[in-house]
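Asker: Have a look; sequence and predicted model below, questions after that.
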Amino acid sequence: MQPETAEELLRLVAETISEVVWIATFHLSRLIYVSPAYERVWGRTCESLYRDPKSFLDAVHPDDLQRVLAGLEPQRQGLPFQHEYRIVRPDGAVRWIWDRGYPERNPAGRIVRFAGVAQDITERKLAEQQLAGVVERLELVSRATKDATWDWNIVSNATWWSDVHYQDFGYPRDTPPSFEAWAERIHPDDRPRVLEGVKRALEGKHVTYSDEYQFLVPHGQPRVILDRAYILYAADGTPVRMVGAMMDVTDQRRLERQLRQAQKVEAVGQLAGSIAHDFNNVLSLIIGHSELLLCEIGQEDASREGVDEIRSAAMRAADLTRQLLMFARQQSLQLRATNIASVLGEMAKMLRRLVGEDVELTVDGSGQMAKVLIDAGQLTQVILNLVINARDAMPCGGQLLINTKDIVFDDRGSAQQPEIKPGAYVMLLVSDTGIGMDTSTQERIFEPFFTTKEPSRGTGLGLATVSGIVEQWGGTIVTTSELGRGTTFRIYIPQAEHEASRRERLNVPRASATAAAEREKTLLLVEDDYPLRTLLRTALQKNGYRVIDAANGREALMLCESEGAPIDLLLTDVVMPLMSGRELVERISKMRRGIKVLYMSGYTAGILDNHGLPGTGLEILQKPFAPNLLLQRVRELLEVP
């Protein structure tokens, strides 16, 4: 039968829907109507509610009762109301109710009754609680991993992100999460690529998404972010959701760059070390024969200029090899107590010619008294490299300051500059007023082969060499620079105990030339490279020494046994077939007590260590060397008892 009136139609609707429909007089003094759904939701009869309209309160959860009673106040004032609360059914089941009511007025404006709807929202509340639990767990995971987790509803564009976004990336707390707010923080250089990547992932029906980009933060340099996500699709293939996490990998990428730089240094060092011995022997031959020829030919000889060029080219090749070994930290050192200010004083004239007339050079070593344990030749290399870089950074002229001073870092000073450990240092400062460097350039200046100069003007080894040398000294470099305002290098080298000169320590005066020549000195020369051995023997014999030579350790031992005259000096290579130089010295020292020893080597410090020869503490002549240097070192050793 079809309903005939609107009232019957409304009753039919009320009795078929799942919500509880109710109508009551003002102040709930009498219940006019309640739909049958009340019995299903409350588990109580409608008749009981008709008898006592307020009996529904008997089912309200005790923890919610006071809140519900307070929520009835708007009804007493004739205002619409709504509130959520729990009820406990007779079977013990707990249900969540969303109850709301609206006043109905007569033509005079007087409230005559209230009508309302009570809806069972238990399933929704459980889903919300589960979602809240998931969000809480996501937040805990985000805090534990320091990853910024996020959830993007592609359909509604609603976005959620974890608290890490605010803590670590500097989002203002009042910034609502959104896809647009995230996109605005991507570095402009990366933004088009990243957004296009998201679009391609969604259009390509990819299940996963991953990208790496720079992310802007309010203060400081952009952070490097690795962003990874999982994409969910509807049954028809439409993307509906992306859930992911942003990981800050800035420090990791910086360490990877440092590792790559270290690997470059190691690779070049291994290459340089592997060829150094043979190459240095060849260079020693070229330099030695060139010097012998220059001594034999006259000043006006037409070939003199060509021979001099050959020698100069060989010396440049030797310097390049030495640079490679220095920045690879594989150069053998001759460490001696040195006053840097004194070395600067000796170099001052040369440095003024080097920088040119348009650069105002100031050299001040008045603040230094202490000495440092360094290789003087390397110090010259460091100063020249820094000065040349400063000059090139001032193409239109400027000011260049070089000074040294003693400085002590206590715990407080080290806290301000954590790269410097507490202790006494000598600081070498080189400061220019040139073009300066940006941050990215400063991060790379000590990389081998990195240069901002034109290919024809720089090899990229200068500052890498400086870094390698200072590290060998146990020192530290601190660089400060600003675009348009110049660059300052501060090198901190640990102070050495005051060390007298070598002869002063032994309390032996320099022997006179006459005393040195009282007896012809006998030298035992051991070198496995025949051409080089021949050259060295010739140079020594021309300067009045008696030389017996051997190709290896065994031959040297036989000569030592058969030689009746005293042997004043053993001049030996370190790495040789059959027997190393160190082993030869140990065995000969038992046969010839007090024999002086001068090692020669073209190998690097690491290889010398492997052959039992430390990089310092012994007399080592590093190949390639000129005959004049060999003669000088031989004379010095023979003059000391």
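Answerer: Looks like it came in fine. Numbering: from 1, shown residues only.
Asker: Contact partners for the residue lying closest to Glu360 once chain neighbours are set aside?
Answerer: Leaving aside its sequence neighbours, Glu360 sits nearest to Gln399 (Cβ to Cβ, 6 or more residues apart in numbering; 4.8 Å). Just so you know, the C-beta spots here come from the backbone N, C-alpha and C atoms, and that holds for glycine as well. Contacts for Gln399 (Cβ atoms under 8 Å, 6 or more residues apart in numbering) come out as 359-360, 362, 432-433.
Asker: Format these as CSV; extra columns: distance to Thr522 and neighbour count.
Answerer: What follows is the contacts of Gln399, written out as CSV (distance: Cβ to Cβ, whole Å; neighbours: other Cβ atoms under 10 Å):
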residue, distance to Thr522, neighbour count
Val359, 53, 21
Glu360, 56, 13
Thr362, 52, 10
Asp432, 54, 26
Thr433, 59, 19
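Asker: Sticking with the residue nearest to Glu360, tell me its helix or strand.
Answerer: strand 398-409 (DSSP states H and E).
Asker: Quick one: low-confidence residue ranges for the stretch 401-550 of the chain.
Answerer: Within the stretch 401-550 of the chain, the stretches with pLDDT under 70 are 411-416, 418, 448-461, 497-519.
Asker: So which residues of it form strands?
Answerer: For the stretch 401-550 of the chain, the strands defined by DSSP state E, counting those that start in this stretch cover 423-432, 476-482, 486-496, 522-526, 546-550.
Asker: coming back round to it: tell me how far the residue nearest to Glu360 lies from Asn389.
Answerer: Separation of Gln399 from Asn389 (Cβ to Cβ, to the nearest Å): 15 Å.
Asker: circling back: can you give me the buried ones in the strand holding Gln399?
Answerer: 398, 400-405, 407, 409 (16 or more other Cβ atoms under 10 Å).
Asker: and which of those is nearest to Ser178?
Answerer: Taking Cβ to Cβ as the measure, Ser178 lies nearest Phe409 of the buried residues of strand 398-409, at 49.6 Å.
Asker: for the closest one, which residues make a bridge with it?
Answerer: Gly423 (DSSP bridges).
Asker: Find the least confident helix or strand in the chain, judged by mean pLDDT.
Answerer: helix 502-506 (a mean of 36; mean pLDDT, DSSP states H and E).
Asker: Format the strands of the stretch 401-550 of the chain as CSV; extra columns: distance to Arg185.
Answerer: As requested, the strands of the stretch 401-550 of the chain are exported to CSV (distance: least, Cβ to Cβ, whole Å):
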stretch, distance to Arg185
strand 423-432, 38
strand 476-482, 27
strand 486-496, 32
strand 522-526, 69
strand 546-550, 74
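Asker: how about those strands, which one is nearest Phe215?
Answerer: strand 476-482 (25.2 Å).
Asker: tell me which residues of the closest one are tucked away?
Answerer: 476-477, 481.
Asker: May I have the strands that pair with it, each with its orientation?
Answerer: strand 486-496 (antiparallel).
Asker: May I have the partner strand as CSV, with CA atoms only?
Answerer: What follows is strand 486-496 as a C-alpha-only set of coordinates in CSV (Å, rounded to 0.1, in the frame of the first residue of the first chain):
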residue,chain,number,x,y,z
GLY,A,486,90.3,37.9,-0.9
THR,A,487,91.6,34.6,0.6
THR,A,488,93.6,33.7,3.6
PHE,A,489,95.5,30.5,4.3
ARG,A,490,96.6,29.8,7.8
ILE,A,491,99.0,26.9,8.2
TYR,A,492,99.5,25.7,11.8
ILE,A,493,102.7,23.6,12.3
PRO,A,494,103.6,22.1,15.7
GLN,A,495,106.6,23.7,17.4
ALA,A,496,109.8,21.7,17.7
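Asker: just the angle between that strand and strand 398-409, please?
Answerer: Counting by axes from the mean of the first three to the mean of the last three Cα atoms, to 10 degrees, strand 486-496 lies at 40 degrees to strand 398-409.
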